[in-house]
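Asks: attaching a predicted model along with its sequence, questions to come.
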Amino acid sequence: MRTRSVLAVFALAAAPALAQDAVDAPTRLGAEVYELTTVVGGAEGLTVEPGFFSGNVRGDCPLEPNLQNYVGQGAVSVPGFTPSEEMAAILNAPASHYPIEIVSIGIGWSSPGGGQPDQLESALKLYSAGLPNPGNPQFVAKGPVLVDGAINEFDLTGFAGNRIMNSGPFTASLEFLNASINGGPAPLHDNAGCQIGQSAVKVNGAVWLDNCSLGVNGQWVIHVKYRRTECGITDCNDNGIHDPFEIAQGLAPDCNKNGIPDECDIANGAPDTNMNGVPDECEPDCIADFNGDGNVDSTDLAVLLAAWGACP
């Protein structure tokens, strides 16, 4: 994903020199510097970070589809930001999903020509409200290092702080440590037209303004990955494995295809006359029809004779 056009939107303070390469970050931000997970995808699409997938054996709720307001991968690079300013997306999950846990934040970042050094910025933030004023951040991860020409995906799960949103809309932002200058790497928007209430800038680090009021013709390329904290995950046999995952992997039979392991159906009262761990509803209607072809004949007798003797 390389951008080909540059749109200078913000006529703010004069831009100081671009920050040094992120290798010098500890001398500028001290012990609070962390290199977060960087790129996991670009124009080819993003991937799910390891450990979070539908049917996770740890019992976590699966990741939901990305929450984002932008379309495509981003089209326009926007210089003009100054230190302490923030670019932000105002996002909202379906009402039935709340409360939700924010797992990661993706940031679109590119220069017109590409190939610029990785750049350290100030922080990723989560706010529990949207515009006109998100309030104070409830979560801050300092020191994201952004790679030019990609949507950078940052894993937030290793950082202390509250990533649970009890309702929406909420706000996800990137705070700048450096000025973004013409020709250098900068945030991306989708150039798809501005929609009120979906993207914002904290101008001069003090006042929140909607993108539309600033003349930005699109939504910032920002998304979050999240999962519900209450998703109805079941583990009926208390073995620490999500039942649908256990069934899908062949670890537990589910002969009647009801999404419940057979052993749990039986424990909950399903008849098992033969005491073989198979609910009666899954047994042949005629118990002597060993091969299940609907007839009791010499073939069934051959099956019986082949099994004649001590029962293991």
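Replies: The structure has been received and is ready for your questions. Bear in mind the structure is a predicted one, so any value in this text is a computation, not a measurement.
Asks: pretty sure residue 236 sits against residue 260.
Replies: Yes - using CB atoms under 8 Å, residue 236 is in contact with residue 260, at 6.3 Å. Placement of C-beta: from N, CA and C, glycine included.
Asks: residues shared between the contacts of the two?
Replies: In terms of CB atoms under 8 Å, 6 or more residues apart in numbering, residue 236 and residue 260 are both contacted by the residues residue 243.
Asks: those two - which one has more neighbours?
Replies: More crowded of residue 236 and residue 260, by other CB atoms under 10 Å: residue 260, with 20 against 15.
Asks: name the helix or strand for residue 135, please.
Replies: Here residue 135 is covered by no helix or strand, with elements defined by DSSP states H and E.
Asks: and if you look at residue 302?
Replies: helix 298-306.
Asks: same for that helix, what does it pack against?
Replies: Counting contacts by 3 or more CB pairs under 8 Å, 6 or more residues apart in numbering; DSSP states H and E, helix 298-306 packs against no other helix or strand.
Asks: which residues does that helix contact?
Replies: Contacts of helix 298-306 (CB under 8 Å, 6+ apart): 288, 289, 290, 291, 293.
Asks: in strands, which of the residues you listed appear?
Replies: Per DSSP state E, strands hold no members of the contacts of helix 298-306.
Asks: type out the PyMOL command that picks the buried ones from the residues you listed.
Replies: Paste this into PyMOL to select the buried members of these, with burial taken from 16 or more other CB atoms under 10 Å:
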select buried, resi 289+290
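Asks: buried ones in the helix holding residue 302, by neighbour count?
Replies: For helix 298-306, by 16+ other CB under 10 Å, it's residue 300.
Asks: how far is it from where the chain is centred?
Replies: 55 Å (CA atoms, centre = their mean, to the nearest Å).
Asks: for stretch 78-91, same thing?
Replies: The answer for stretch 78-91 is 22 Å, by CA atoms, centre = their mean.
Asks: C-alpha coordinates for it, CSV please?
Replies: What follows is stretch 78-91, C-alpha atoms only, in CSV (Å, rounded to 0.1, in the frame of the first residue of the first chain):
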residue,chain,number,x,y,z
VAL,A,78,-1.7,13.8,5.4
PRO,A,79,1.2,15.8,6.7
GLY,A,80,0.8,18.9,9.0
PHE,A,81,0.4,17.2,12.4
THR,A,82,2.5,18.6,15.3
PRO,A,83,3.7,17.0,18.5
SER,A,84,1.0,16.3,21.1
GLU,A,85,-1.8,16.3,18.5
GLU,A,86,-3.9,13.2,17.9
MET,A,87,-5.6,11.5,15.0
ALA,A,88,-8.6,9.5,16.1
ALA,A,89,-11.4,7.2,14.9
ILE,A,90,-14.8,7.2,16.7
LEU,A,91,-16.0,3.6,16.6
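Asks: for residue 281, which non-adjacent residue is spatially closest?
Replies: Distances taken as CB to CB, 6 or more residues apart in numbering put residue 256 closest to residue 281, at 5.8 Å, once the chain neighbours are dropped.
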